[in-house]
Every structure is written in structure tokens, then in C-alpha cells.
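1. The following comprises the amino acid sequence and a computationally predicted model.
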Amino acid sequence: MELNDANLQTLTEFLRKTLDPDPTVRRPAEKFLESVEGNQNYPLLLLTLLEKSQDNVIRVCAAVTFKNYIKRNWRIVEDEPNKISDADRTAIKANIVNLMLSSPEQIQKQLSDAISIIGREDFPQKWPDLLTEMVTRFRSGDFHIINGVLRTAHSLFKRYRHEFKSNELWTEIKLVLGTFALPLTELFKATIELCQTHANDVNALKVLFSSLTLISKLFYSLNFQDLPEFFEDNMETWMTNFHGLLTLDNKLLQTDLVSNAIQFLASVCERPHYKHLFEDQNTLTSICEKVIVPNMEFRSADEEAFEDNSEEYIRRDLEGSDIDTRRRAACDLVRGLCKFFEGPVTAIFSGYVNSMLSEYAKNPGLNWKHKDAATYLVTSLASKAQTQKHGITQANELVNLTEFFVNHILPDLQSSNVNEFPVLKADAIKYVMIFRSKLPKEQLLQAVPLLITHLQAESTVQHTYAAHALERLFTMRGPNNATLITSAEMAPFTEQLLTNLFKALTLPGSAENEYIMKAIMRSFSLLQEAIVPYIPTLIGQLTHKLLLVSKNPSKPHFNHYLFESLCLSVRITCKANPVTVSSFEEALFPVFTEILQNDVQEFLPYVFQVMSLLLEIHSNSIPASYMALFPHLLQPVLWERTGNIPPLVRLLQAFLEKGGASIAASAADKIPGLLGVFQKLIASKANDHQGFYLLNSIIENMPPESITQYRKQIFILLFQRLQSSKTTKFIKSFLVFINLYCVKYGAIALQEIFDSIQPKMFGMVLEKIIIPEVQKVSGTVEKKICAVGITKILTECPAMMDTEYTKLWTPLLQALIGLFELPEDDSIPDDEHFIDIEDTPGYQTAFSQLAFAGRKEHDPIGDAVGNPKILLAQSLHKLSTACPGRVPSMLNTSLNAEALKFLQGYLQVASVQLV
């Protein structure tokens, strides 16, 4: 694509169409952009548009499109084509910083994100001058530019807070400090001075304090791993000014800076060598009284978010993205102080909690915020350690959680007016959720019907918290690892629970509420067959919801739980009555057809998984509706998207398992297409195991004559890949495949196909691959396949007894006994590293495995062989009777003593002898 006006015009028109609410206009435009994004100059055209377009909407749209393009394509992945040319990469890095700093804030944020994505991959090695270029802008005096630099630096450096220590990390931080620490300190001092100069100018102060907030965040990131020498030497400058900011009381400002300063105090007070700074009772009282209590208050900004921006409020409060709020910082400071001073701090705060609660009791309508702060303070005090899975796992023994629940939490949950004091109701629900592992079971059971009632609350935060709390309670485990709350205990509330959950999805603001949908999924999972009577009604509601969200998928978590709930409906109902599968197909197929026809990329991997689940429930035949779809599944375009590969392979496996013979009979012309898919997958290090899954299903399920003409070519392809790129993962899959081939077609057929490719190749494969590598095979079924296959090679292949291959007989037997008795060899060579399929970037949706669509592990040998060790003993006995004397003499001359001892054990258990 040339950088010319015609292309800029075309791009402008398509970008405008991507904003159209009508999917018939929007989707083709998105497809067009997707089709041209691999062209050289495409990103430069976007950058030109976001700089020069006269239309502000197009500029912002170009900026967002550019950022997403960088996010999908910048990382270079082995085996995947490099989607951005080197010339474009160089041009982007040469221009983007300047462009970001000269753009309006909306565009600046997008470009700042793009720089941090590029920086994550290229900084410092491939982009050494990035920091120097940014730091020189501190001298500009223009705080729009300075804040752009600070924001970008923050997004680059904040990962230092959670990275593992390593030499590579230290080297990078050292390099950053060398360029950045002094200019940052100078900027900090200059900004503080400007704050004093402009103390009465609210607009100037807002800009300056946004800079100070970012500077504080950067200071926190750069000091997180350890205290660098530079900051130790300049500690007085930083601490004096931080102290000044902590005690600053400028009524013109409501700022986040305080939270950063408190956060710093929190991290300092946890470190043993600063313990002495906080030991004095007066210091502790002063911090509790002047820093913590005032910052625990529910501010008007919180109230506004609770009512008008509930999604953001929930994200901050439930998901811990409230890292920059005063409340969270004060809460962290309480936990930090409790590490060394739990007793005194608890005593100080107990007084505050009691006085806040008595204030509330005097006039609940007026003083409800006092109770909110008291509940928050108790939660902060009591929480010592928590996990997402269990809530609080370690609590402050000095706080009586059960008593507080009975006296102050339960009354709010039991209140007859579900819509009164929604903030306090949300606090009460959150208390149950957080302390679920510490409260007795009877109190949790008491809470369940109350939480179900709160699902009807008008407040989005309140009914979301109720759904989330129920979902968390339903995942709790009791003795014997069974769920703590049982389906039987839920029986009196089942109908109300399902009714209220589905009704909650109709409340304003919650049409795609992921917490509610997750609670639906978890309820299905807990209740199991108790949901069967309700499924005919619920499946209609779920498919209707699926049809709506497929028009414009925007909530990935909601969509995921929706598909999980569909899978549970199918699994639970069909487990009780497999013939009901057809009624699910009737309900789901019209929506699936629409999703496939409109190529809704986000949903295809899910649709393939649900279809696999449905097809696997059928007895051994493929219904016509599926057969009509089969040719479409082989289209190359579907296999281009990484996220489609695992579910498509599974769906093809289901087709082969249910109707290998009917495919051979009625769709024989599609076999080359099937093998074409295998060939594509086998060429990729990331997806070769998927290629083997497909190949193994073909070998196991297709009639032998239908693939005779292709067999030799399959082996040649595998050898070509072995020569070009031999990885441990490939070897393991290759070993399973050749042994499955041997089990299916016999050892003679395996030897003949190898030797037909190249004379004596069978011996080479035994000597160079099977004998040295079989110890690496993992998985019960995989080991069983290899054991049965090798047993056949040892005992059913005449060439092993009387040709040059005979010298390999004992080493092969020894390798097999090693597979039975030695620990698995899980070593991987240093030069091998694998990309997880989920981490592979690309414009396609990443594959999301549906837990409740899981495929049962399949054993192609099944009950035909119970114990492979006994099979070996019986097969050796049979071989020795056919050629008496040979087997014992081969064993006694070259099998090592330990292996011989194991073998004698197998013979004894099988009650056979060698002759």
C-alpha cells in the first residue's frame, strides 16, 4: 500500500464504517481492514491519518486501530509470519514518540499504550534511545508533553512491581535509573515549587498534581525491587516533599496523590529495618487518627461512581484495580502496620469502630457513611492474607468476625426493604464474600436465601455483589473435597435462585453482567440434575441471549460463562437422557448457523467446542446436519486463526470417531483436505501436537483401505519435519503415533513402510528415536500405546529375530522395561522453548477452553489390554514357544540384571515361562 491520498481516503471511509452500529456495514469494513493489515505502510497510513485528518472522530478511530494493530502484531513469534515489515517497524519507532507528545490527550493515551507495548518487546535492546528521547522533553516546560512522557514511562516501568528478580531485570532497571532518576528528581523538585507559585490557581494545580501523581507512581515502581543508591542519596529531597504533600490541605484539590504517598508509607512500614520509625505509641496513634481514618471515608466521588458508573466501581472494588484510591491505600497501610503492631493498632481502631457505629445508630438515614467506614475498617483490620479462591485465609485473631456478622452485617441483609441504603447492603454482601472461609457454615447457609433476595435490588453494584457472593459460596469445598453447600441444601431455594438470576440479567445496566452469568454457570454446576426440570425454559433464554450478544460481542467474560452454561445444560440433561441431545440441537443450531455465516470470530472457537460436545453424545453415527458442515470445516481460512485450531481439531476428531466409515464412503474426496490440515499443523512448533491428535484419529477410525494411498506420504512429511526441527514435544507425539500405527496395522506393516521409504530406515528409527527417547513419553494412555506397540515390534516382527535388526531386540526390550519402571524423563534441551497457544498474539481470538465442554480422555486400546506388563510377558512366552531357546539366550547374554529381575516378575504375575 503506497503512502498516497487515494489510500488515505479509502482507509478513512473504512474506518468510518467500522463505527457504524449496523453489523452489515461494520463487519465487511472490519474484514477489509483485517485483510490489508499485513501490507507494508498500513501502520504508517494510520499514523498519517491520526496526525493529519480534519475529522477528529477519524483521528481517534485511527489511534485506537493503530494501538490494537500493534497489540496484535508487534511481537515476533517463532513459526508465525512477521506481520510488520522491518521498514515499518523502524519508521514507527522513529516517529511515534514525537507524534504521541504533540497529540491531543485522547490520542496521546492510545499512542502511549502503543509505545509501552512496543517497549515491552523492544526496550532496551532494540530501542536503546527511547528513554533519552523522552527525558529531553522534561525541559520543554509544557506539562501536556511532560505528562505524556510520565504516563508512557509509568506504563513501561510498572511491571517492575511484579516481575521476578533476575539479572536481566536488574540490568534494565540500572540502565533506566542511569538515564531517568536524576531528571525525574529535578522534575519533582521543580513541580513542587510550581505548586507553591500557583497555590491559588485551581486549573494549574490540577495539571501539576496530575504530574506529581505520575511522578509518585514512577518513584514507587523504580524503588519496588530494592532501594537504588541514587534514591538513597536523595532520600531527604523525596521524603521531605512527600511529607509536605501528605499534610497538604488545599481545599482546591481532590487528588489521588495522597493515595500514592500512603502507599509508600505502607510499603515502608512492612520492612523490618524501618520498624523503629513506627514503634512510638504517639506515632501510631497519629498515623491512625490523621492518615488512616480520614482516608477510609466514602467520598462523594465514590458515591457518584457507585450510582452512575457501577462497572468502574465494581472493577475497582472487587477486582483490586482500586490500587490508586485513598481507601485502598489506607487499607494497605493498616495491614502493613498490623504486621509488627497488631495489638496496639487493633486497640486504637476498636475505639474508632465503636464510635462510628454509635453515630450511625443515632441517625441511620443521615449517618450511614459512618457505618460504611466502620465496616471497611473492620475488614482492613481483620484481613491478613487472602486469595481469589478462598477469600480471607488468615485473619486477625483480635477481631471477632462472627460477632460483627451477627450484630452489624446480618441486620442489613435481613432488612425488608432491599433497595434502602444500597452502599451498606453492598458492604454487608462483600463482608460475607470476603470472610466466607472464616464464618461458620450455618451462617453462610443463613446468608444464601438473603443473597438470592438481593439479586432483585435496583442498584447494579448490589445485585452484582449478590451474584458474585453466591458464585463464590458455591465454589467452596468442604470435607472430602465435595462442595461445602450441597445441592440438597439448596433444594428449597433452587427455583427462586434460577428465577432471580435470570431476572437480574433484565435489570438496567446488567444485560451482559459477567458476574451474574458466572453465578448462573456455577449454580448449574452445583445443582446438577436438580436443574433438569427448568432447562426447557432456561435454554430458550440462554440461546436468545446468545443471539443478541453475537450481533456485537463486547464482554468476553460474559460470553465465556454463557457458553459454559450452555455446555452444562447439555451435559447434565443428556447424562440423564442422551436422546434429548436433538432438542438442544434444534435450539442451538439456528444461532450457530448465524454465527458461522456472519463469521463472528470471537464465537467460532466456542461454537466448535459445543458442537463437539453435542456430536460426542450421539451414538455411532453422524447426523446429516453435521455431515453438511464437514466440508466447510476444512476451509484454509478457518485454520489461519490460531484460536480456532484446538476446537476445530477436536470437532474433526468427533466426526472421525462417530463416522470414520461414512466419511470414507460418502466424502472420500475430502480426505486430501483432511490430510492438508494435518500437513499445515505439523509444520508449526506451536501446533504440531494438534496435527498428531488429528492424525491419530484418522489412523484409529478411518477404514484402512481409505488411506492406503496416503500412508507413505504421511511418514515422509513427518521425517521432513524431524530433520528440519526436532523438538521434544514433536518426538513424544511421533513416538505415540508410530506405536499407534503398529497397534492398528501390525508390526510388519510398520517395518515395511519405514523400509519402503529408505532401506534399513526401520533400524535407524529404533536405534535413534524409539530406544533413546521413549522414556520421555508422558501420560497413562500415551505410555500404554507405546508399550503395546513396542511389545508387537519385539514379538510379532520376524525381521527383529533374524536380520541386522536383531542386535536392537534386547536394547528395545530394555527401553520398554525402563518405560514401565523408571521415572519419566521430563528434561527439555536448553535451546527449546515453547509458546503456549494462548500466548500467541494475532488478530484472531485466542482459544478459550470451555471447562464444561471438556473431552473425556480416550484410550484407543481400551479393555483389550488391561496391564501392558502382562501383555509383554504373554507375548514373549508365545514368541519363545515359536522359536525355543532363542529368547532366554538373548535375555541372558545382554539384558541388564535389574531389567531381567523386573521381567521375571512380569512372567510370574502372568503365570507363564520362557522356553
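-> Cool, the structure landed.

2. For burial, what's the neighbour tally of residue 892?
-> Counted with other CB atoms under 10 Å, the neighbours of residue 892 add up to 9. Where you see a C-beta, it was placed from the backbone N, CA and C, and this is true even at glycine.

3. Sticking with it, tell me its helix or strand.
-> Using DSSP states H and E, residue 892 falls within helix 886-894.

4. From the chain's centroid, how far away is that helix?
-> Between the centre of helix 886-894 and the centre of its chain there are 54 Å (CA atoms, centre = their mean, to the nearest Å).

5. Would you mind pulling up the elements that the next helix or strand along the chain from it packs against?
-> Using DSSP H and E, the next helix or strand after helix 886-894 towards the C-terminus is helix 897-910. For helix 897-910, the packing partners by 3 or more CB pairs under 8 Å, 6 or more residues apart in numbering; DSSP states H and E come out as helix 809-821, helix 868-882, helix 886-894.

6. List the buried residues of helix 897-910.
-> Neighbour-count burial for helix 897-910 flags 899, 903, 906-907, 910 (criterion: 16 or more other CB atoms under 10 Å).

7. quick one on the thing from earlier: in the helix holding residue 892, what counts as buried?
-> For helix 886-894, burial by neighbour count (16+ other CB under 10 Å) applies to 886-887, 890-891.

8. Which one of those is nearest to residue 220?
-> residue 891 (68.9 Å; CB to CB).

9. Contact partners for that closest one?
-> Applying CB atoms under 8 Å, 6 or more residues apart in numbering to residue 891 gives the contacts 810, 813, 900, 903, 914.

10. same thing with residue 61?
-> Applying CB under 8 Å, 6+ apart, the residues near residue 61 are 15-16, 18-19.

11. Give me the distance between it and residue 669.
-> Per CB to CB, to the nearest Å, residue 61 is found 45 Å from residue 669.

12. What segments of the stretch 351-500 of the chain are strands?
-> Taking DSSP state E, counting those that start in this stretch as the criterion, the stretch 351-500 of the chain carries its strands at 383-387, 391-395.

13. Same check on the stretch 201-350 of the chain?
-> With DSSP E, counting those that start in this stretch as the criterion, the stretch 201-350 of the chain has no strands.

14. which residues of it score low on pLDDT?
-> For the stretch 201-350 of the chain, the stretches with pLDDT under 70 are 249-257, 320-324.

15. would you put the C-alpha positions of the helix holding residue 892 in CSV?
-> Provided in CSV are the C-alpha atoms of helix 886-894 (Å, rounded to 0.1, in the frame of the first residue of the first chain):
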residue,chain,number,x,y,z
ARG,A,886,16.2,-68.1,21.3
VAL,A,887,14.5,-65.7,23.7
PRO,A,888,16.2,-66.9,27.0
SER,A,889,19.7,-66.9,25.4
MET,A,890,19.2,-63.3,24.1
LEU,A,891,18.0,-62.2,27.6
ASN,A,892,20.8,-63.8,29.5
THR,A,893,23.6,-62.5,27.3
SER,A,894,22.7,-58.8,27.0
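
16. Could you pull up the mean pLDDT of it?
-> If you average the pLDDT over helix 886-894, you get 89.

17. heads up, I number from 489, so please use that
-> Taking 489 as the first residue, the last one we looked at is helix 1374-1382.

18. Please enumerate the helices of the stretch 839-988 of the chain.
-> 852-870, 889-892, 898-902, 910-922, 929-942, 948-963, 975-978, 982-992 (DSSP state H, counting those that start in this stretch).

19. Output the below-cut-off pLDDT ranges for this protein.
-> The model of the chain has pLDDT under 70 over residues 737-745, 808-812, 872-875, 877, 879-882, 1317-1334.

20. at 50 instead, please
-> Along the chain, the parts satisfying pLDDT under 50 run over 1321-1333.

21. ok so, going back, hey, what's the angle from the helix holding residue 1380 to helix 1356-1370? Just curious.
-> Using axes from the mean of the first three to the mean of the last three CA atoms, to 10 degrees, the inter-axis angle of helix 1374-1382 relative to helix 1356-1370 is 110 degrees.
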